[in-house]
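Visitor: Next one to model:
(chains A and B)
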There are 2 protein chains.
Amino acid sequence: MQQDTINALLVKLARRGLCVVRLKGGDPAVFGRMGEELAYLQAHGVETEVIPGVTAACAASAQFQFPLTHRSSARRVVFTTARIEDGALVGDWRLAADPQATAAIYMGGAHAHLIAKHLMDAGRPGSTPAVVVENAGREDAKLERETLASLSERGPTRKSGPVLIIVGAVGAMAQDARVLVHERTPLRAAGTR
Amino acid sequence: MQQDTINALLVKLARRGLCVVRLKGGDPAVFGRMGEELAYLQAHGVETEVIPGVTAACAASAQFQFPLTHRSSARRVVFTTARIEDGALVGDWRLAADPQATAAIYMGGAHAHLIAKHLMDAGRPGSTPAVVVENAGREDAKLERETLASLSERGPTRKSGPVLIIVGAVGAMAQDARVLVHERTPLRAAGTR
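Guide: Below you'll find the model as predicted:
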C-alpha cells in the first residue's frame, strides 16, 4: 500500500469517529515515517497519539546480549540506512566511521558488502566486528558474526526477512544463546526447577 | 550504589537460586552499563536474559510527537553523551555536526550551552532547532524549544530530573500537547464521548 493511500485511509476512518491504530514494527520515530503521517493527520484535524516501541537495534541487542554503547569502546551509537543511487552508496558516512561509534545500519541486507567496503575506506579496520541480524526481535531472529573484511567479500546477500547490520566493538560480545522470556517461566529461568 | 556493589549483589542473589531482576530506566543497551553487568554475570556463571526497553530519545519523541528520522531532513540519528574533562567538552563530535543527523544527547543538562557552542563551531547553523526534554517518558516530562544559538547563551541549567537534548530539524515538529494513553480511554481518545 502506498503512503498516500495509508494517509487517506487513516483520515477517512478517523472521520467516522473511530479510534484508529496505525500499527508498526519497531519504534515509529526511527525510520518509521512517523513525521509524514503525523503531519498529514494534524493538517486534517485528526488528534494523534504516539506509543513508543523497541527499535530493531535495541531488540537485536537484547536478544543476542550485546550492548549498543559500552564504556570506552562505544561511546555513541548511530542508526542509519543504506541509500543506494546508481549502484553506489550515497550519503555522509563520517559518523559511521567514528571508531568509538556503534553503527546500526537498518535495511542494509542487500548492500552489506558495499557498506563494509565504504566503512573500511573511511578508516575503520577490516577486523572490526560486524554482526548481521535477520528478523531482529522475532522468535526466528538469526545472527551471523562477520568482520568488515569478511562482510565486504561476501557479495550481495538475499535474506527473506529484514536485515540489520551492527558494526563496532560491541559486536564481539554477541552471544549465540537467544533466550526469549515468553518461552520460559521465571522459575525455570532461575534454574531452580 | 557503586557498580561493583551492584555486580556483587546480583551474583550473590542469583547463587541463592533466585530469579534476580536488574531493573533500569529506558533501554539497557543504550548508556545503561548492560555490557559491564553481563560480562560480570557471565564470568560468574550466572545465566542472563535481557528485556529491551524504550530509550529516552524514543520516549521523548513519542510524548512530544516528533520523529527522530525524517525523509530528506534527518537521515540518521546519533545517541551520544556529553563528556566533560577539565571544564571542556571532549570526544569526537563530527557525527553530531552532520547536517542530516538528529543528535540526541543524553545526560546533557548541565552542559547544554557547551554542547550548543560545540555544534555551532562544528558547522551547524545557530538556527538549528534544539529541544531540551526533562524527565523524558515520565508523566511530568517537560519540553523547552530552543535553537543552538539560544541554548548557547543560556548558561548552565540545573534541572531536577534527567535531561535529554535533541538537536536537528525534527525538533521543529515537536508538539506541546502531551497525551498519555493511560490518562484516557480509547473512546475519549477518539472524541466520540
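Visitor: just how off-centre is stretch A:94-113 within its chain?
Guide: Taking CA atoms, centre = their mean, to the nearest Å, the mean C-alpha location of stretch A:94-113 is offset from the chain mean by 10 Å.
Visitor: could you pull out the strands for chain A?
Guide: Along chain A, the segments classed as strands by DSSP state E run A:76-81, A:83-85, A:88-90, A:101-106, A:129-134, A:142-147, A:163-167.
Visitor: Can you give me the neighbour number for the closest residue in space to residue A:127 that isn't next to it in sequence?
Guide: Leaving aside its chain neighbours, residue A:127 sits nearest to residue A:147 (5.5 Å; criterion: CB to CB, 6 or more residues apart in numbering or on different chains). Where C-beta positions appear, they are placed from N, C-alpha and C, glycine not excepted. Number of residues near residue A:147 (other CB atoms under 10 Å in any protein chain shown) recorded here: 20.
Visitor: for residue A:54, same thing?
Guide: 22.
Visitor: which ones are touching the closest residue to it other than its chain neighbours?
Guide: Nearest in space to residue A:54, with sequence neighbours left out and distances taken as CB to CB, 6+ apart, is residue B:52 at 4.5 Å. Shown in contact with residue B:52 (CB atoms under 8 Å, 6 or more residues apart in numbering or on different chains): A:54, A:58-59, A:61-62, A:137, B:27-29.
Visitor: just to revisit the earlier point, make JSON lines out of the strands of chain A and add mean pLDDT.
Guide: Formatted as JSON lines, the strands of chain A follow (pLDDT from 0 to 100):
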{"stretch": "strand A:76-81", "mean pLDDT": "94"}
{"stretch": "strand A:83-85", "mean pLDDT": "81"}
{"stretch": "strand A:88-90", "mean pLDDT": "79"}
{"stretch": "strand A:101-106", "mean pLDDT": "95"}
{"stretch": "strand A:129-134", "mean pLDDT": "96"}
{"stretch": "strand A:142-147", "mean pLDDT": "95"}
{"stretch": "strand A:163-167", "mean pLDDT": "96"}
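Visitor: Give the bridge partners for the residue nearest to residue A:168 when sequence neighbours are not counted, please.
Guide: Nearest residue to residue A:168, sequence neighbours excluded (CB to CB, 6+ apart): residue A:102, at 3.8 Å. Residue A:102 has the following beta-bridge partners by DSSP bridges: residue A:77.
Visitor: Could you measure from residue A:102 over to residue B:132?
Guide: 25 Å (CB to CB, to the nearest Å).
Visitor: okay, the two: which has more neighbours?
Guide: Set residue A:102 next to residue B:132 and count neighbours by other CB under 10 Å: residue A:102 wins out with 30 against 24.
Visitor: The more buried one contacts residue A:74, doesn't it?
Guide: Yes: between residue A:102 and residue A:74 a contact is recorded at 4.7 Å, counting by CB atoms under 8 Å.
Visitor: Identify the contacts common to those two.
Guide: A:68, A:168-170.
Visitor: could those be laid out in a markdown table, adding neighbour count, distance to residue B:120 and pLDDT?
Guide: Formatted as a markdown table, the shared contacts of residue A:102 and residue A:74 follow (neighbours: other CB atoms under 10 Å in any protein chain shown; distance: CB to CB, whole Å; pLDDT from 0 to 100):
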| residue | neighbour count | distance to residue B:120 | pLDDT |
| --- | --- | --- | --- |
| A:68 | 28 | 27 | 98 |
| A:168 | 29 | 28 | 97 |
| A:169 | 17 | 30 | 96 |
| A:170 | 23 | 31 | 97 |
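Visitor: so which of those residues would you say is closest to chain B?
Guide: Set against chain B, the nearest of these by CB to the nearest CB is residue A:68 (4.4 Å).
Visitor: List the residues that contact the closest one.
Guide: Counting by CB under 8 Å, 6+ apart, residue A:68 has contacts A:57-58, A:61, A:74, A:77, A:102, A:104, A:166, A:170, B:29-30, B:79.
Visitor: ditto for residue A:105
Guide: Contacts for residue A:105 (CB under 8 Å, 6+ apart) come out as A:80-82, A:96, A:115, A:164-167.
Visitor: Distance check, the residue nearest to residue A:44 when sequence neighbours are not counted against chain B.
Guide: Distance criterion CB to CB, 6+ apart; nearest residue to residue A:44, sequence neighbours excluded, is residue A:11 at 4.7 Å. Plainly put, residue A:11 is 13 Å away from chain B if you go by CB to the nearest CB, to the nearest Å.
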